[in-house]
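# sequence below, structure please.
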Amino acid sequence: MAEINERASSSLDCPPTPAPPMVSDEMRRLSAEMHNKVSMYIQGQIEGTIDDYKLLEDMNKTSAQRYADMKQVTKRVSEKINELNKKAEDIRPYLEQIDEIDQATKRLEEATAVLDNYVLGLGRMSSALTVIHLLYHSRDTIPFPTAITIYFGYSLPCMHTSLAL
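Residues are numbered from 1 along each chain as shown. As a prediction, the model looks like this:
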């Protein structure tokens, strides 16, 4: 270790430092001009970056406001949907009653059609009985097959022979 200290303490022969070079006024002016231009360039870059950050900040604020607005709209829509679902549940029994009434109405219409056909059949039968009654009472004046042809508008194939009543 002593050797290291001896070496550190011994002086080395160093060459003398050169004298600073002489700088001309033109060099100083050009150096100052370059310094100013580089400074302006860097300042422009910084201002551009600051403008970009301000734009991003404004966009973030606008986006945050829009998200807040959408949150309010979503909340109102959700409330309205809940109200409509509750109203739908409230009217469900009435809708079921309407369906039951509709079913009953269809059954009633079917029964009415059957009854209407039955009444038509009774009317035809009554007409036929009236004709038969009239024919029976007027058998001497009009033959039965002719009376049937006159009443119904056509002759029946089985009516070719005269019927005695």
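# could you say what helices and strands the longest helix along the chain packs with?
Within the chain, and with DSSP state H defining each element, the longest helix by residue count is helix 25-137. Packed against helix 25-137, as judged by 3 or more C-beta pairs under 8 Å, 6 or more residues apart in numbering; DSSP states H and E, are the following elements: helix 144-152. Every residue, glycine included, has its C-beta placed from N, CA and C.
# in this structure, where is pLDDT below threshold?
1-16, 19-20, 135-165 (pLDDT under 70).
# swap in 80 and give it another go.
Counting by pLDDT under 80, the chain shows low-confidence ranges at 1-23, 128-129, 131-165.
# torsion angles phi and psi at Ser24?
phi -80, psi 170 (degrees, to the nearest 10).
# mind listing what it touches?
Listed by C-beta atoms under 8 Å, 6 or more residues apart in numbering, Ser24 has no contact partners.
# ok, it to Glu47 distance?
Computed as C-beta to C-beta, to the nearest Å, the Ser24 to Glu47 distance reads 34 Å.
# same deal with Ser78?
46 Å.
# Arg28 versus Met40, what's the distance?
Distance from Met40 to Arg28, by C-beta to C-beta: 19 Å.
# SS state for Pro21?
coil (DSSP: H, G, I helix; E, B strand; the rest coil).
# going forward, count from 28.
Sure, I'll start numbering at 28, so the last one becomes Pro48.
# that one and Met54, how far apart?
10 Å.
# then Leu111?
84 Å.
# related to what we said a few turns ago, now find how far off-centre the longest helix of the chain is within its chain.
Here helix 52-164 is found 5 Å from its chain centre; the criterion is C-alpha atoms, centre = their mean, to the nearest Å.
# compare Pro48 and Met54 (neighbour count), which wins?
Met54 (11 against 7; other C-beta atoms under 10 Å).
# for the more buried one, give me its contacts.
No contacts exist for Met54 under C-beta under 8 Å, 6+ apart.
# so how far is Tyr68 from it?
From Met54 to Tyr68 the distance is 21 Å (C-beta to C-beta).
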